[in-house]
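Got a sequence here, can you model it:
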Amino acid sequence: MMIGTPLLPLAAFFLTRAYAFAPTSLPKAATQPCFVSRPHRSSVARPLVVLKMSDDFGSLMPPKPEMTRKEKLEESSDAFIYNFQVSLGEGVEEPPELETLRVARDKGADGPELTIRIYELMIEQGMRYDKDESGILTPTDFDIKNNLDVKEVQAEFAYLYKYGIGLIKKGLMAEADVKKIVMERLIERTGLTPKEFDKWLGY
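Numbers count the residues shown, from 1 in each chain. Okay, here's the model as predicted:
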């Protein structure tokens, strides 16, 4: 069980892309030089063209098209699938939830379904595996039901539970879907009733 390990497979969904040509900070003296074009030999006076190195090149670039919600979720799905695959220890069998997410992605599933599959895999990653210092996942033999008094265990369940609530608030998952997943993949692992589970987490 990945006690205390942050799991943020949907993080990319809430991040905005930075401009590739965002200006970097330079010493003050280096921000002032400018280039002046030589005046053409003509009897007509021409204005000088000035280009300051302190100009914001990023603002001159056309903005990148905004990704749709579905595109962001597809990107998060692809990243989660890849990272999960490469993190599994040698000889460790993939969980069925990984293949379920992979199939959903391949068939072009809609946003709600992708979110459900990501959340399911996220919970299974936290409940079924240990992660070493190098990030490698191996099957856990942690006894959850006999360690409910361990604060780190309680914190892990609270984190995954609150994550689902956050998905509801952001309109990414239906309340019924979150309740079903929480019941089957979190509450049943504790051996508690839903009422006891809420009390255990302080609700």
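
Now do the buried residues in stretch 101-109.
Using 16 or more other C-beta atoms under 10 Å as the test for burial, stretch 101-109 gives 101-102, 104-105, 109. Any C-beta I mention is one placed from the backbone N, CA and C, and that applies to glycine too.

which regions of the chain sit below the pLDDT cut-off?
Applying pLDDT under 70 to the chain picks out residues 3-61.

What segments of it are strands?
Secondary structure of the chain by DSSP state E: the strands cover 34-36, 50-52, 129-131, 137-139.

related to what we said a few turns ago, between the buried residues of stretch 101-109, which is nearest residue 86?
Among the buried residues of stretch 101-109, residue 102 lies closest to residue 86 (C-beta to C-beta), at 13.9 Å.

which residues sit in contact with the closest one?
residue 81 (C-beta atoms under 8 Å, 6 or more residues apart in numbering).

what's the distance between residue 86 and residue 131?
13 Å (C-beta to C-beta, to the nearest Å).

With neighbour numbers in mind, choose between the two.
Shown here are residue 86 and residue 131; by other C-beta atoms under 10 Å, residue 131 has more neighbours (19 against 10).

Hmm, residue 137 and that one touching each other?
Yes: between residue 131 and residue 137 a contact is recorded at 5.6 Å, counting by C-beta atoms under 8 Å.

Could you tell me which residues touch both of these two?
residue 87.

Count the neighbours of the nearest residue to residue 160 once chain neighbours are set aside for me.
Sequence neighbours aside, residue 123 is the residue nearest to residue 160 in space, at 5.5 Å (criterion: C-beta to C-beta, 6 or more residues apart in numbering). Look at residue 123: counted by other C-beta under 10 Å, it has 23 neighbours.
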